[in-house]
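Visitor: here's a sequence, model it:
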Amino acid sequence: MPAERRLYVGPSLRRLRRERGLTQSDMAADLEVSPSYIALLERNHRPLSAEMLLRLAQTYAIDLSTLGGDAESDERARLGAALKDPIFADIDLPALEVADVTTNFPGVVEAFLRLYTTYQQEHLALADQGTEGAEATDPVAEARRFLAARRNSFPLLDDAAERLAQRVAEHASLTAYLQARHTLRVRRVPPKVMVGSTRRLDYHRRQILLDDELDAASQNFQLALQLAYLELRQEIAGVLKEGAFATENGERLAHRALAGYAAAAVLMPYSMFARAVEARRYDIEALSRQFGASFEQIAHRLTTLQKPGQEGVPFFFIRVDEAGNVSKRLDGAGFPFARHGGGCPLWNLHQAFRTPRQIVTQWLELPDGQRFFSVARTVTTGGGGFGRPRVERAIALGCAAEHAGRLIYTQGQPGLGPETATPIGVTCRLCHRSDCTARSAPPIGRQILPDDNRRTSAPFGFSDS
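Guide: Residues are numbered from 1 along each chain as shown. Have a look, this model is predicted:
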C-alpha cells in the first residue's frame, strides 16, 4: 500500500491569507482552529489535512489548485534573485539548497527577504542623496560620530580647563581675568552695534564686544568660549587630530563643539561639578543656580561626566524644535538615535512644548526591551528685548534604567517605575510595534495589510502580524 502523500502548502496558504487581507488570527477564527496552527501550516511545520483542505475551499470559495505550490515557486524565485546580489558572490548556493530552504523553512525565507528588502531600500536611499557613501561626507554626521565615539568625554580638555578655571578664580571675574591676562576690555553693546553677532573679538581696539541682550548665563558662556579659543587652542587642536574627517565643515563643527566643551569646563570645573552633581542628585535647576548657568548648559555638561575614576551617570542629550528637527544630539548612554526622520511622538520630549519651562519625566521602553529614564523641558534662546526673535526648543536628558535611581527625579513617585515605561520606537520607519496608533509611516520591510475587507484601528495593518 503506497504511503500517504503529505501536502505542505505554507507559502501558498500565506499568499491566500494576505490576498484577502487577513491576519493569522482572522483566518484561524474563520476555520475554527487556533492561530498557532495556522502559523505551523504557513511554516510547513504541519501538513495540510484533507479535512482542512476542504474547509479552506468552502470558507474562501477557492479552487483547490490554487494551493498547488505557485506561491512556493514565487518565493523560491524571489530568494534566488536576492541571492544573486554581489554581496553573496563568494558563497556557494546551489539551486537545490535554495529550493530546500524555501520548502522546509518558509519562515526563515520570509525573514531573510524582509531584511534584504530593508537593505535594498536603505541602499537606494543613500544613492538618492547623490552618492552611495553620502552620510560619510555629511559634516553634521561626521562631527556627531567624532563626539559619540568618545562618549562626549575629553579628560585632557577637562584637566586643562580646570587649571585655567583656577587661574580665573584668582581674579574677581572672567572680565577681570581677560583684562589682566590679555588686556582685553569687555563691552556690552546694543544689537544694532553687533550687526548680527552675539560676540566679537576686536583685536585692534583690544576689546570683546557682547550683545547686551544676552542673559547673564549666555554672556558668561561667550566669555568662557572666547577664553578657550585664546588659551586652550593647542589642547583643542590636539584632541581634534584624533579624528579622521572627510570634510572641512565636519572638522570645523567638531572644533566648535570642542571649544564649547572647554568653555563649559571652565565655568563648571570637572571635580567641583562632579561633587555638586552627586550632592544635589542631578537636580538640574539647583545646579543651574549654583553655577550661574542655564538649564541647557547644565544638562549639556552632565553628558560629559565620564572621566576615568570620576564617572557620573552616563546620559544622552537631544534638542529639538517644535517641528521635531534635531539641532543637537549627544550620546553617552547608548541610546539608539535615528539618523534620519522624526522621533517617536509617544516620547514626551515632543509634548514638553505644551507645558513651557516645566520639567516632565518619563520611563521609556524600546522595542528590544531596553529601558531609559528621560527628563525633558523647554528652553528659550534669543529675545532679550521687545520684538526680538525667540526660539523655543525642547531638550531631553536621559539615562539607562539601572542608573535612574541616582536621580532626584525618580524619588517620591510611588507606583511609577520602569514597569510603567511607555513603549516607544526610534523612528516609525525602524519601529515594528504593529499596533501603534501614533504611527506616521509603515516600517521598512513589512507587508501592509490590504483594507478591501478590513481596516485596522492602527494607521497600518500588517498581514504577517
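Visitor: helix, strand or coil for residue 318?
Guide: strand (DSSP: H, G, I helix; E, B strand; the rest coil).
Visitor: residues in contact with stretch 359-373?
Guide: Residues outside stretch 359-373 that contact it (Cβ atoms under 8 Å, 6 or more residues apart in numbering): 284-285, 316, 333-336, 347-348, 351-352, 374-377, 398-401, 403-404, 407, 409-410, 413, 416-418, 420-426, 431-433. All C-beta spots, glycine's among them, are computed from the backbone N, C-alpha and C.
Visitor: let me fix that, I meant to ask about stretch 18-32.
Guide: 17, 34-35, 37-39, 42, 52, 55-56, 59-60, 447, 449-454, 461, 463-465.
Visitor: run the chain-centre distance for stretch 362-379.
Guide: How far stretch 362-379 lies from its chain's middle: 11 Å, per Cα atoms, centre = their mean, to the nearest Å.
Visitor: what's the end-to-end length of it?
Guide: 18 Å (Cα to Cα, to the nearest Å).
Visitor: pull out the buried residues from that stretch.
Guide: 362-366, 371-379 (16 or more other Cβ atoms under 10 Å).
Visitor: so for residue 271, what's the pLDDT?
Guide: pLDDT for residue 271: 96.
Visitor: list the contacts of it.
Guide: 162, 310.
Visitor: backbone torsions only: list them for it.
Guide: Main-chain dihedrals, residue 271, degrees, to the nearest 10: phi -60, psi -50.
Visitor: separation between it and residue 195?
Guide: According to Cβ to Cβ, to the nearest Å, residue 271 stands 40 Å off from residue 195.
Visitor: please enumerate the strands of the stretch 151-300 of the chain.
Guide: 185-189, 199-202, 207-211 (DSSP state E, counting those that start in this stretch).
Visitor: the shortest one - contacts with which helices or strands?
Guide: Identification of packing neighbours for strand 199-202 by 3 or more Cβ pairs under 8 Å, 6 or more residues apart in numbering; DSSP states H and E yields strand 207-211, helix 216-231.
Visitor: output the ones you listed as TSV; include the columns mean pLDDT, distance to residue 184 and mean neighbour count.
Guide: Below are the helices and strands packed on strand 199-202 laid out as TSV (pLDDT from 0 to 100; distance: least, Cβ to Cβ, whole Å; neighbours: other Cβ atoms under 10 Å):
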stretch	mean pLDDT	distance to residue 184	mean neighbour count
strand 207-211	95	5	21
helix 216-231	96	8	20
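Visitor: circling back to that earlier point, any idea which of the buried residues of stretch 362-379 is closest to residue 116?
Guide: Nearest to residue 116, judged by Cβ to Cβ, of the buried residues of stretch 362-379 is residue 366 at 23.9 Å.
Visitor: show the pLDDT at the closest one.
Guide: Residue 366 is given a pLDDT of 90.
Visitor: let me have the helices and strands packed on strand 199-202 in a markdown table, extended by distance to residue 257.
Guide: Converted to a markdown table, those look like this (distance: least, Cβ to Cβ, whole Å):
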| stretch | distance to residue 257 |
| --- | --- |
| strand 207-211 | 21 |
| helix 216-231 | 12 |
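Visitor: OK, contacts around the residue nearest the centre of the chain?
Guide: Centroid-nearest residue in the chain: residue 337, 1.2 Å away (criterion: Cα atoms, centre = their mean). Shown in contact with residue 337 (Cβ under 8 Å, 6+ apart): 316, 318, 326, 329, 331, 426.
Visitor: can you rerun that using 7 Å?
Guide: By Cβ atoms under 7 Å, 6 or more residues apart in numbering, the contact set of residue 337 is 318, 329, 331.
Visitor: export those to a markdown table and tack on pLDDT?
Guide: Output for those, formatted as a markdown table (pLDDT from 0 to 100):
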| residue | pLDDT |
| --- | --- |
| 318 | 94 |
| 329 | 89 |
| 331 | 85 |
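Visitor: of the residues you listed, which is the most crowded?
Guide: Taking other Cβ atoms under 10 Å as the neighbour criterion, residue 318 ranks highest of the contacts of residue 337 with 22 neighbours.
Visitor: my read: that one touches residue 326, true?
Guide: Yes - using Cβ atoms under 7 Å, residue 318 is in contact with residue 326, at 6.3 Å.
Visitor: quick one: buried ones out of the contacts of stretch 18-32?
Guide: 17, 37-39, 42, 52, 56, 60, 447, 449, 461, 463-464.
Visitor: tabulate these (TSV), appending secondary structure.
Guide: Formatted as TSV, those follow (three-state DSSP):
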residue	secondary structure
17	helix
37	helix
38	helix
39	helix
42	helix
52	helix
56	helix
60	helix
447	coil
449	coil
461	coil
463	coil
464	coil
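Visitor: what's the closest of those to residue 120?
Guide: residue 447 (15.1 Å).
Visitor: so that closest one sits right up against residue 462, yeah?
Guide: Yes - counting by Cβ under 7 Å, residue 447 does reach residue 462; the two are 6.1 Å apart.
Visitor: how about the buried ones among the contacts of stretch 18-32, which pair is most distant?
Guide: 52 and 461, at 24.9 Å, using Cβ to Cβ across the buried ones among the contacts of stretch 18-32.
Visitor: so what's the residue nearest to residue 259 when sequence neighbours are not counted up against?
Guide: Spatial nearest neighbour of residue 259, chain neighbours left out: residue 228 (5.1 Å); criterion: Cβ to Cβ, 6 or more residues apart in numbering. Contact analysis of residue 228 by Cβ under 7 Å, 6+ apart lists 259, 262-263, 266.
Visitor: just for the stretch 1-150 of the chain, where's the confidence low?
Guide: Residue ranges of the stretch 1-150 of the chain with pLDDT under 70: 1-5, 65-74, 121-136.
Visitor: that's a helix at residue 26, yeah?
Guide: Yes - applying three-state DSSP, one finds residue 26 inside a helix.
Visitor: separation between it and residue 290?
Guide: For residue 26 relative to residue 290 (Cβ to Cβ), the value is 60 Å.
Visitor: again, but for residue 265
Guide: To residue 290, residue 265 is 16 Å away according to Cβ to Cβ.
Visitor: between the two, which has more neighbouring residues?
Guide: residue 265 (25 against 17).
Visitor: I'd say the more buried one and residue 159 touch.
Guide: No - using Cβ under 7 Å, residue 265 is not in contact with residue 159, being 9.0 Å away.
Visitor: burial count for the closest residue to residue 435 other than its chain neighbours?
Guide: Nearest residue to residue 435 in three dimensions, chain neighbours excluded: residue 458, at 5.4 Å (Cβ to Cβ, 6+ apart). Neighbour count for residue 458, taken as other Cβ under 10 Å: 16.
Visitor: doesn't residue 458 fall inside a strand?
Guide: No - under the criterion used here (three-state DSSP), residue 458 is coil, not part of a strand.
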